[in-house]
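**Student:** Test case, fold it:
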Amino acid sequence: MSTEKKKAVIEALLFAWGEEISVKEISKATGYFYREVESLLTEMEEDYKFYHRGIILLRMGDYYQLSTNPAYSQYIEKLISPQKRKSISQAALETLAIIAYKQPITRSLVDSIRGVKSDHAIKILLDRGLIETKGRLDKIGKPILYGTTHTFLKSFGLTTLDDLPNTEMLTPSENDDHLDK
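**Tutor:** Below you'll find the predicted structure:
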């Protein structure tokens, strides 16, 4: 089978699946070798960019998903009425940042870092699919461990957690004193 036909098969799988799908799952469904699927996906990603297509291929670690090209969002907005989604609260955003940088992490550790209870914020983040349970800590009470999801990566335009800003960049420096005045 030609390279172009293999790309078409993968494109059909991505389109039909709709959600993110792993390279391993694509390899299993197609019978193509894992490395070949990786190579084909990289080529497809470049093809979509080069030809200014209406869709793009999003990469989130070892997962891929077809998405509309943000460059054409104005046309999509005209076609469909935009859904108003309630923005995320400051408390939920703080909680999400702590979980993203410290994962896997327990709710009690999140609470101690924030200095307040985070039950409601964690529930909101779970409901929105930005975090998920990653298991339980092996200590008395077996507290739940939380971590981020592929939805988190996609929502913030990240490929992997390594793309998060370095925490040293987030700490105010001596030169930033003028910002407080």
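**Student:** can you give me the helices for the chain?
**Tutor:** Along the chain, the segments classed as helices by DSSP state H run 3-17, 23-30, 34-50, 73-79, 90-102, 107-114, 119-127, 150-155, 167-170.
**Student:** Quick one: closest of those to Pro143.
**Tutor:** Counting by C-beta to C-beta, Pro143 lies closest to helix 107-114 out of those; the figure is 6.3 Å. Every residue, glycine included, has its C-beta placed from N, CA and C.
**Student:** Could you pull up the residues touching the spatially most central residue of the chain?
**Tutor:** Central residue of the chain (C-alpha atoms, centre = their mean): Leu153, 1.6 Å from the mean position. For Leu153, the contacting residues are Met60, Gly61, Thr159, Thr160, Leu161, by C-beta atoms under 8 Å, 6 or more residues apart in numbering.
**Student:** Please report how far it lies from Thr160.
**Tutor:** 7 Å (C-beta to C-beta, to the nearest Å).
**Student:** Same question for Ala92.
**Tutor:** Distance from Ala92 to Thr160, by C-beta to C-beta: 22 Å.
**Student:** Then Tyr75?
**Tutor:** Relative to Thr160, Tyr75 is positioned 31 Å away (C-beta to C-beta).
**Student:** I'd like the distance between Lys154 and Met60.
**Tutor:** 6 Å.
**Student:** Which neighbours do the two have in common?
**Tutor:** The contact sets of Lys154 and Met60 overlap at Glu20 (C-beta under 8 Å, 6+ apart).
**Student:** Break the protein into its domains for me.
**Tutor:** With domains defined by automatic domain parsing, the chain comprises 3-78, 90-170.
**Student:** quick one: low-confidence ranges for this structure?
**Tutor:** 81-86, 169-181 (pLDDT under 70).
**Student:** Okay, and the beta partners of Ile55?
**Tutor:** Thr68 (DSSP bridges).
**Student:** Offset the numbering so it begins at 196, please.
**Tutor:** Shifting the count to begin at 196 puts that one at Ile250.
**Student:** Quick one: neighbours of it, just the number.
**Tutor:** For Ile250, the neighbour count with other C-beta atoms under 10 Å is 14.
**Student:** who touches it in this structure?
**Tutor:** Tyr243, Leu261, Ser262, Thr263, Asn264.
**Student:** Quick check: it vs Tyr267, distance?
**Tutor:** If you measure Ile250 against Tyr267 using C-beta to C-beta, the figure is 9 Å.
**Student:** again, but for Ser197
**Tutor:** Applying C-beta to C-beta, the value for Ser197 to Tyr267 is 29 Å.
**Student:** All set now, cheers.
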